[in-house]
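> Sequence first, predicted model second:
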Amino acid sequence: MSRISLSEDIRSVTDLKRNTRDILDHLHATGRPVILTVNGKADSVLLDVHVYEKHLHAGNLAKLLAPAEQDAASGRTRSARDFLKEFKHAKKIHR
């Protein structure tokens, strides 16, 4: 996703009501979010659904990785060799 364009990507809710199709077409074409304002202040953000899904997946992956990152930061690690040995034993993989 490219950087937000202050001149193109910040729109009022009134503008959204009047030009919904144009704003949505722009959003889909650029992949950039559109920031909606109410009384001149940022209020909401519109995202293309595919961009939103990518952000959602990235957030979910970050949640899954957070405990592992905490373990590594705390020194709770082991060698890949030890892990594989334990894994093979637990799964009864003989080789």
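Good, I have the coordinates. Residues are numbered from 1 along each chain as shown.
> check contacts around residue 45.
33-36 (CB atoms under 8 Å, 6 or more residues apart in numbering). Just so you know, the C-beta spots here come from the backbone N, C-alpha and C atoms, and that holds for glycine as well.
> Which one of the residues you listed is nearest to residue 64?
When the contacts of residue 45 are compared for distance to residue 64 (CB to CB), residue 33 comes out closest, at 24.9 Å.
> Surely that closest one is in contact with residue 4?
Yes - counting by CB atoms under 8 Å, residue 33 does reach residue 4; the two are 6.7 Å apart.
> These two - which one has more neighbours?
A direct count of neighbours by other CB atoms under 10 Å for residue 33 and residue 4 places residue 33 higher, at 19 against 15.
> From residue 50, how far out is that one?
From residue 33 across to residue 50, the span is 12 Å (CB to CB, to the nearest Å).
> Residue 81 now?
On the measure of CB to CB, residue 81 and residue 50 end up 41 Å apart.
> now the strands for this structure?
All strands of the chain, identified by DSSP state E, fall at 10-12, 34-38, 41-46.
> ok, back up a step: specify which member of the contacts of residue 45 is nearest to residue 54.
residue 33 (12.1 Å).
> Work out the gap between the lowest-mean-pLDDT helix or strand in the chain and the centre of the chain.
Across the helices and strands of the chain, mean pLDDT, DSSP states H and E gives its lowest value to helix 80-90, namely a mean of 91. Distance, stretch centre to chain centre, for helix 80-90: 33 Å (CA atoms, centre = their mean, to the nearest Å).
> Centre-most residue in this protein?
Central residue of the chain (CA atoms, centre = their mean): residue 55, 1.8 Å from the mean position.
> From residue 37, how far off is the spatially closest residue to it that is not a sequence neighbour?
In space, and not counting its chain neighbours, residue 55 is closest to residue 47: 7.4 Å by CB to CB, 6 or more residues apart in numbering. Distance of residue 47 to residue 37, computed by CB to CB: 16 Å.
> Identify the residues contacting stretch 19-28?
With CB under 8 Å, 6+ apart, stretch 19-28 has contacts from 8, 11, 15-16, 33-34, 46-48.
> In terms of secondary structure, what does the longest helix along the chain contact?
Across the chain, the longest stretch assigned as helix under DSSP state H is helix 49-73. Using 3 or more CB pairs under 8 Å, 6 or more residues apart in numbering; DSSP states H and E as the contact test, no helix or strand touches helix 49-73.
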